[in-house]
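>>> I'd like to go over a predicted model; first the sequence, then the structure.
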Amino acid sequence: MKYTYLSLLALLAILSGCADKDKKGDGAAFGDSTDNIYDQALPERSGNPDTADYDTLKSETVFFSYDSFTIEAKERPKLDKLANYLSNNSKTKIVIAGHTDARGTPQYNLALSEKRANAVRQYLIGLGASGSNISTIGYGEDRPSSEGESDSANNANRRAAPGILR
Amino acid sequence: MLLSLSMRLILPLLLLAPSLLLSQDSAPVIVIEQTRKVDVAISPIAGGEGPAMTKVLQNDLERSGACRVVEPAAASFTLSGTITPAGLAGRASPKSGGAPLVDSSFNGDARRATHQFADAFILALTGTPGFASSRIAFASASGTKKNSKKEIYICDIDGANCRQLTQDGALGYGPKFSPDGNKIAYSSDKSGYRDTYIIDLSSKKRSIVAQFPGQNTGAAFSPNGSTLALSLSKFGNPEICTLSSSGGEPTRLTNTRGTDCSPCWSPDGAQIVYVSDERGSPGLYLISPNGGTPEKLNTESSYTTEPDWSPDGKKIAYSITSGGGQIGVYDLETKKTRIVSRGSGLESPSWTRNSRHIICSQNGTLVLLDSLTGEAIKVPNNLSNNTEPNTTR
């Protein structure tokens, strides 16, 4: 009984979240702290993110602004492509690996990178992808794609990279 | 004068980096407080390891911030000791005569017993516990930047007895001692995902306590050791949770759209301070371990992380990233903040027992920071990229 009630609440939360999103239209970026999107619980783990194939889907890597997990409009076409890939490969399990630049402190960067990965995952779910096929991991500042702290290195490192789990 | 100097330094930086404009700090620059030091002398410690332990004791006393080591004629107290098979017999006698301040035997190897002697003297002299017998756990990175490994290490607070605890070949983070100092919680992605482990230092066994979907990190023991507070993302978002330190199902405390991490308990166990960016850039919040509405702390800085509650319960130290890497201290009674460090590149503060000194990292080196004077002394070791130090209490 209690369970049903909670499910109903969850359903209402999702519905109101959708209505809210519709009202905002394109004005609000997904992942805005004002955006009321219902969190999607993570799936049981599969594969090993550390040995995933990050090359195949490399061009779908999403980049972020400083200290932000908002998916910017210019990055969204990549996720349309990624969602399309997932619908054509419905048995493929992927991991979204989030990263930060070298600024900031270790634990916050871990959490921020995880949050970036989650933002991508939830966006993909919003496009119809199956959440059970998408895991996440945050590597903080410790798996840079570009070394150093120049602006270009920082821009390249603030990212969420899709990897195929094997 | 100081303000105008700092403005002259800051203004060109602002012009170079517009993003800094958003993160200008208004917390006051460091306040230098002259603290009175007691003059003490050390008679050479007798016994085989005596000369080496005399130096250890001198180092301990000088780092305590409470003493200045001088010639016997000028000293108010003279410390003497003998290395024994069981440890060290130590005595601290006042120049004025009368009863010794310390007259005790300390057990353990010579170094440990000497640190305990120093702590007993500092406690008797100041009424505040010394930290010479404390240890530090930390992470140290090796390998290339793009594919580094971070292992967990432990050392004495003066840098001696440094040893590697983990051989995970993975990224290890955030070692935190249990209140009794016998266990260390940390997180590692050695399974491929970031799980939380507990190392039992006496049995040398490791167990896994949190391996939920997503990340399991930042675990901190409650003051009675029974519960962990940590950041879990199994809900689809990093949230602060509590969990029995033997594992089991977590209890969720926060429910925000933001990134919640780095929980730390108050010494009485009644509150948890943590980091959230739910209102923009990361700041510090208080919440009850039973949940409820979080309260934001006004630290006057725009990017504050890594809170650590002082053992006396009165202060919270934290990292200020927006200032280029400083340590701030929030006073819970006056609700005022102070930047207590100089230079840059400082992060990850961990209070020592006296609620005055702080272990932190500075550009990959461990340092002992005196929050009253701003002085930072290196804690030497042969490792590079030392991060996230935590001290025993």
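Ah, there it is.
>>> and stretch B:169-181, end to end?
25 Å (Cα to Cα, to the nearest Å).
>>> next, the residue at minimal distance from the centre of chain A: secondary structure please.
Within chain A, one residue has its C-alpha closest to the average C-alpha position: by Cα atoms, centre = their mean, that is A:Val120, at 2.1 Å. Taking DSSP: H, G, I helix; E, B strand; the rest coil as the rule, one finds A:Val120 in the helix state.
>>> so what are the domain limits for chain A?
A:1-38, A:46-164 (automatic domain parsing).
>>> how far does the longest one stretch from one end to the other?
When you say that, I think you mean domain A:46-164. The first and last residues of domain A:46-164 sit 11 Å apart, counting by Cα to Cα.
>>> pLDDT of it, averaged?
Domain A:46-164 shows a mean pLDDT of 96.
>>> circling back to that earlier point, test my guess that the residue nearest to the centre of chain A contacts A:Ala83.
No. At 10.5 Å, A:Val120 and A:Ala83 do not qualify as touching, with contact defined as Cβ atoms under 8 Å. Glycine gets a C-beta too; all of them are placed from N, C-alpha and C.
>>> returning to what we had before: just say which of the domains of chain A is most tucked in.
Sort those by mean neighbour count, taking mean count of other Cβ atoms under 10 Å in any protein chain shown, and domain A:46-164 sits at the top with a mean of 20.
>>> does it come close to chain B?
Yes. Counting by Cβ under 8 Å from any Cβ of the partner chain, chain B is contacted by domain A:46-164 at A:47-51, A:66-67, A:69, A:103-108, A:110-112, A:114-115, A:118, A:121-122, A:135-140, A:142-145, A:147.
>>> residue boundaries of the helices in the chain?
Here I'm looking at chain A. Read by DSSP state H, chain A holds these helices, from start to end of the chain: A:2-24, A:76-88, A:106-126, A:151-157.
>>> wait, chain B was what I had in mind.
B:2-16, B:50-63, B:110-126.
>>> where among those is the average confidence lowest?
helix B:2-16 (a mean of 37).
>>> between the two ends of stretch B:103-118, how far is it?
The distance separating the two terminal residues of stretch B:103-118, taken as Cα to Cα, comes to 12 Å.
>>> show me what counts as buried in that stretch.
The neighbour-count criterion (16 or more other Cβ atoms under 10 Å in any protein chain shown) identifies B:Phe106, B:Ala110, B:Arg111, B:Arg112, B:Ala113, B:Thr114, B:His115, B:Gln116, B:Phe117, B:Ala118 as the buried residues of stretch B:103-118.
>>> also stretch B:86-95?
When neighbours are counted by 16+ other Cβ under 10 Å, the buried residues of stretch B:86-95 are found to be B:Gly87, B:Leu88, B:Ala89, B:Gly90, B:Arg91, B:Ala92, B:Ser93.
>>> same check, this time on stretch B:61-78
Across stretch B:61-78, burial judged by 16+ other Cβ under 10 Å covers B:Leu61, B:Arg63, B:Ser64, B:Gly65, B:Ala66, B:Cys67, B:Val69, B:Ala75, B:Phe77, B:Thr78.
>>> nearest to B:Thr126, of the residues you listed?
Nearest to B:Thr126 among the buried residues of stretch B:61-78: B:Ala66, at 5.1 Å, using Cβ to Cβ.
>>> for B:Trp309, see how far away the closest residue to the closest one other than its chain neighbours is.
In this structure, B:Ala66 finds its nearest non-sequential neighbour in B:Thr126, 5.1 Å apart by Cβ to Cβ, 6 or more residues apart in numbering or on different chains. For B:Thr126, the distance to B:Trp309 equals 21 Å [Cβ to Cβ, to the nearest Å].
>>> which of the two has more neighbours?
B:Trp309 (24 against 16; other Cβ atoms under 10 Å in any protein chain shown).
>>> run through the residues that contact that one.
For B:Trp309, the contacting residues are B:Cys264, B:Trp265, B:Ser266, B:Pro267, B:Val273, B:Lys315, B:Ile316, B:Trp351, taking Cβ atoms under 8 Å, 6 or more residues apart in numbering or on different chains as the criterion.
>>> isn't the fifth one up against B:Ile316?
Yes. The pair B:Val273 / B:Ile316 is scored as a contact, 5.7 Å apart, by Cβ under 8 Å.
>>> where does pLDDT dip in chain B?
B:1-34 (pLDDT under 70).
>>> domain ranges for it?
B:38-126, B:135-391.
>>> among these, which is nearest A:Val62?
Evaluated with Cβ to Cβ, the domains of chain B place domain B:135-391 nearest to A:Val62, the distance being 16.7 Å.
>>> quick one: B:Tyr186 and B:Asp195 touch, right?
No. With contact defined as Cβ under 8 Å, B:Tyr186 does not reach B:Asp195; the gap is 9.8 Å.
>>> of the two, who's got more company?
The residue with more neighbours, out of B:Tyr186 and B:Asp195 and counting by other Cβ under 10 Å, is B:Tyr186; that gives 28 against 21.
>>> and the more buried one, what does it touch?
For B:Tyr186, the contacting residues are B:137, B:139, B:152, B:166, B:172-176, B:196-197, B:199, B:219, by Cβ under 8 Å, 6+ apart.
>>> before we move on, back to that, next, show the common contact partners of B:Val273 and B:Ile316.
Residues within reach of B:Val273 and of B:Ile316 at once, by Cβ under 8 Å, 6+ apart, are B:Cys264, B:Leu284, B:Leu297, B:Pro307, B:Trp309.
>>> okay, the contacts of B:Tyr186 in JSON lines with distance to B:Lys190 and neighbour count next?
Conversion of the contacts of B:Tyr186 to JSON lines gives the following (distance: Cβ to Cβ, whole Å; neighbours: other Cβ atoms under 10 Å in any protein chain shown):
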{"residue": "B:Ala137", "distance to B:Lys190": "17", "neighbour count": "25"}
{"residue": "B:Ala139", "distance to B:Lys190": "13", "neighbour count": "27"}
{"residue": "B:Ile152", "distance to B:Lys190": "11", "neighbour count": "24"}
{"residue": "B:Thr166", "distance to B:Lys190": "8", "neighbour count": "21"}
{"residue": "B:Gly172", "distance to B:Lys190": "8", "neighbour count": "27"}
{"residue": "B:Tyr173", "distance to B:Lys190": "12", "neighbour count": "26"}
{"residue": "B:Gly174", "distance to B:Lys190": "14", "neighbour count": "30"}
{"residue": "B:Pro175", "distance to B:Lys190": "14", "neighbour count": "25"}
{"residue": "B:Lys176", "distance to B:Lys190": "18", "neighbour count": "22"}
{"residue": "B:Thr196", "distance to B:Lys190": "12", "neighbour count": "27"}
{"residue": "B:Tyr197", "distance to B:Lys190": "8", "neighbour count": "24"}
{"residue": "B:Ile199", "distance to B:Lys190": "13", "neighbour count": "21"}
{"residue": "B:Ala219", "distance to B:Lys190": "15", "neighbour count": "27"}
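>>> of all the residues you listed, which comes closest to B:Ala210?
Within the set of these, B:Thr196 lies nearest B:Ala210; the separation is 4.0 Å, counting by Cβ to Cβ.
>>> from A:Thr61, how far off is the residue nearest to the centre of chain A?
10 Å.
>>> which residues do these two both contact?
In the contact map built from Cβ under 8 Å, 6+ apart, the residues linked to both A:Val120 and A:Thr61 are A:Ala160, A:Pro162.
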